[in-house]
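> this is a predicted model, with the sequence first.
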Amino acid sequence: MQRVTPAEFLSFTVGDEAYGIDIQKVQELRGYTPVTRIAHAPAQLKGVVNLRGTIVPIIDMRIRFGLGTPVYDQRTVVVVLNLVDRVVGIVVDSVSEVVAIAQEHIRPSPALAQDTRSHVIGIGTVADRLLQLLDPEGLADLEDLKNLQACEEATV
């Protein structure tokens, strides 16, 4: 019998929903601080911050998921993700904990709206609650981020 190794996810909330993201993609957690706005950027791309010499785009998940107007307070967190080709920050309402979820407790994402399928990779069961498990690459796969990266490379 093959033993299933649990995967670890950082759990967080956006609106009333709970989400999880692969802890191995998380570089750090930061409190929300004002960002430098980018002209003509969509509302979900709040702007950029300078993180130790790296320009990091910040995506507000409440706006990205269409969950209403964000409120930034002492619980608001920026989860800095280290992705394949760049560092990206996502703004979430609060961070809960790191949870281990065994593979048998993860179900495929239901076929819902097209935009949802691009970033929800499964539903994990943790005790009596469900976590929507997110694909960090899918979250950051925005045309505007690609355009931002092209602008950055052109100025180098």
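Looks like it came in fine.

> so for the protein, the centremost residue is which one?
What sits nearest the mean C-alpha location of the chain, by Cα atoms, centre = their mean, is Ile90, with 4.8 Å.

> which element is it on?
strand 87-92 (DSSP states H and E).

> show the contacting residues for the residue nearest to the centre of the chain.
58-61, 78-79, 81, 139-140 (Cβ atoms under 8 Å, 6 or more residues apart in numbering). Every C-beta, even on glycine, is put in place using the N, C-alpha and C of the backbone.

> then Val99?
Val99 makes contacts with 8-9, 11, 20, 124, 126, 131, as judged by Cβ under 8 Å, 6+ apart.

> give me the beta-bridge partners of Val48?
Beta-bridge partners of Val48, counted by DSSP bridges, are Thr36, Pro57.

> wait, it sits on Ala41?
No - with contact defined as Cβ atoms under 8 Å, Val48 does not count as touching Ala41 (9.2 Å).

> distance-wise, check Arg86 relative to Gln103.
Separation of Arg86 from Gln103 (Cβ to Cβ, to the nearest Å): 29 Å.

> the two: which has the busier surroundings?
Taking other Cβ atoms under 10 Å, Arg86 and Gln103 do not tie; Arg86 has more neighbours (17 against 12).

> that one and Ala140 touch, don't they?
Yes - counting by Cβ under 8 Å, Arg86 touches Ala140, with 7.4 Å between them.
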